[in-house]
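1. Provided below for reference: sequence and predicted model.
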Amino acid sequence: MNEIGRAAAARRSVTVDVVVVGAGPAGAAAAILLAEHGLDVVVLDRAELPRSRIICGEYLSPEAARLLDRLGVLKAVDAAGAVPLAGMRITAPDGRAAVGRYRDVHGWRPYRPHAMGVARATLDGALVDRLRGASVDLREQTRVVDVMLEGGRVVGVHAEDRDRQPLDVRARVVVGADGRASVVAQRLGCRRAHRLRRMALITYVSGLADCRELGEIFVDPPDYAILNPVAPDRVNLGLVVPLAHAAPWSGRLGDFLQARVRQLPHLARRLDGATRVAPIHALGPLAHRVHPPSVGGVLLIGDAAGFYDPFTGEGVFTALRSAELATETIAGALRAGDVSVGGLAAYERARRAAFGGKERVTRALQLLLGHRRLANAACRLLARRPQVLDALLGVFGDYVPPRALPPLLRS
């Protein structure tokens, strides 16, 4: 056998209904739900699971609990020490603070009357345990390097296993759930730059007094910071700054974070006496745009489908809900025998309906965050009219539709 023949023989191939690339919240959720439809699913993830990492915010909206419950992991997350968050406190550049709470708003009711602070390692661990108990072929330390295209649609992925041996996974549908740096989205030419160029610096602090039942947001343009308790005496600190300001300090992130906190006086006073207890992780640029694939046989979910820098640092609900929407579309398309672009188009329509309004509210809020006077004025309004802030939190908590905001603002 010649060299080409030996190489072809050495290349292993697997054929399934669906291959899910990535086992984070979006990918794990999709795989669990697809398996419940009786589909043959393989999940590929480049890491050894569960990951041990810090991400921005580590906050789960009240409505994320509904999806975790559907996936069968909410009790495990609660038992692992998720911190209930009754609301958020927002501090403006001039020091004025406004507190909003997760509550019923004109008939819209949260699944539970609180959000959650949850370390990402805890959440990932619960989802991976559930995934391992499902009828799913989970392959860790397997890196996807390219997609397989035939006849105008994606028919699988090329991967390498933990021993760097080639593996082809052929599938009727490929689900790209491989995060912000999605190989699937990149290979299909879907990624686009976003005009909002921000970076998040994330760490844990301890010794922060009275940070238990509220998340805290400090706005001081061009920066803002988020404090979310994730365990007893452990708080996730995320500082979001312009990417251009942080990039020159890539080798001295500790110095940059310390100096930047001093420039936010209300945050600096809040952190007085606290101790950093974890390395600093940098994530940026935060926001990125992703166009839907122009070929059939593939869907993008979670951060692989785009990210628009939500103010609270919450992206898990979007990941879980997009997985739910994708699963419904895939199951229907496979039953109909049509996984073309048109056959999978229902997913993008459902995704726009689910997230478009919240994205528009986020863009408006980002405009306020960019100007000190506007941020101060907005906080004064919210302090006088807490029902408006409660409704706004309901939008970001994913249980109040954005269309409810204008009537409240006019009343």
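-> That came through fine.

2. run through this protein and note the low-pLDDT ranges.
-> For the chain, the stretches flagged by pLDDT under 70 are 1-11, 57, 309-314, 411.

3. which non-adjacent residue is nearest Gly152?
-> Nearest non-adjacent residue to Gly152, counting by CB to CB, 6 or more residues apart in numbering: Val295, 5.8 Å away. In short, each C-beta sits where N, CA and C put it, glycine included.

4. distance of Glu213 relative to Val19?
-> The gap separating Glu213 from Val19 is 42 Å, by CB to CB, to the nearest Å.

5. of those two, which one has the most company?
-> Neighbours were counted for Glu213 and for Val19 using other CB atoms under 10 Å; Val19 has more, 32 against 14.

6. contact partners for that one?
-> Contacts for Val19 (CB atoms under 8 Å, 6 or more residues apart in numbering) come out as 41-44, 156-157, 169, 171, 173-175.

7. so it: helix, strand or coil?
-> With DSSP: H, G, I helix; E, B strand; the rest coil as the basis, the three-state label of Val19 is strand.

8. that older thread, which residues are in contact with the residue nearest to Gly152?
-> Per CB under 8 Å, 6+ apart, neighbours of Val295: 149, 152-154, 188, 341.

9. and the helices in the protein?
-> Assigned by DSSP state H, the chain shows helices spanning 3-10, 25-36, 64-71, 74-79, 120-132, 183-187, 243-246, 253-262, 265-270, 316-336, 345-369, 372-384, 386-396, 405-410.

10. need the winner for burial among those helices.
-> Across these, averaging neighbours per residue (mean count of other CB atoms under 10 Å) puts helix 25-36 on top, at a mean of 27.

11. got the angle between it and helix 120-132?
-> 20 degrees (axes from the mean of the first three to the mean of the last three CA atoms, to 10 degrees).

12. mind giving me the ChimeraX command for buried ones among the contacts of Val295?
-> Listed next is the ChimeraX selection for buried residues among these, using 16 or more other CB atoms under 10 Å:
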select :153,154,188,341
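
13. for Ala86, state which of the contacts of Val295 is nearest.
-> Taking CB to CB as the measure, Ala86 lies nearest Leu188 of those, at 42.2 Å.

14. look up how far Asn228 lies from the residue positioned nearest the centre of the chain.
-> Among the residues of the chain, Gly315 comes closest to the average C-alpha position under CA atoms, centre = their mean, at 2.9 Å. As judged by CB to CB, Gly315 and Asn228 stand 13 Å apart.

15. for beta bridges, what are the partners of Val154?
-> For Val154, the beta-bridge partners under DSSP bridges are Leu149.

16. picking that back up, output the helices of the chain as JSON lines; include the columns distance to Ser52.
-> What follows is those, written out as JSON lines (distance: least, CB to CB, whole Å):
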{"stretch": "helix 3-10", "distance to Ser52": "33"}
{"stretch": "helix 25-36", "distance to Ser52": "15"}
{"stretch": "helix 64-71", "distance to Ser52": "20"}
{"stretch": "helix 74-79", "distance to Ser52": "17"}
{"stretch": "helix 120-132", "distance to Ser52": "5"}
{"stretch": "helix 183-187", "distance to Ser52": "22"}
{"stretch": "helix 243-246", "distance to Ser52": "24"}
{"stretch": "helix 253-262", "distance to Ser52": "19"}
{"stretch": "helix 265-270", "distance to Ser52": "27"}
{"stretch": "helix 316-336", "distance to Ser52": "17"}
{"stretch": "helix 345-369", "distance to Ser52": "29"}
{"stretch": "helix 372-384", "distance to Ser52": "35"}
{"stretch": "helix 386-396", "distance to Ser52": "28"}
{"stretch": "helix 405-410", "distance to Ser52": "38"}
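
17. looking at these, which is nearest to Asp104?
-> Across those, closest to Asp104 is helix 386-396 (CB to CB), at 8.8 Å.

18. angle of the closest one against helix 345-369?
-> Angle, helix 386-396 to helix 345-369, by the same axes, to 10 degrees: 140 degrees.

19. show me how far helix 386-396 is from its chain's centre.
-> Mean-position distance between helix 386-396 and its chain equals 21 Å (CA atoms, centre = their mean, to the nearest Å).

20. number the chain from 2, please
-> Got it, first residue is 2 now, which makes that one helix 387-397.

21. got a list of contacts for that helix?
-> Contacts to helix 387-397, defined as CB under 8 Å, 6+ apart, come from residues 62, 88-89, 91, 99-104, 106-107, 109, 111, 311-313, 315, 358-359, 362, 382-383, 401-403, 405-406, 409-410.
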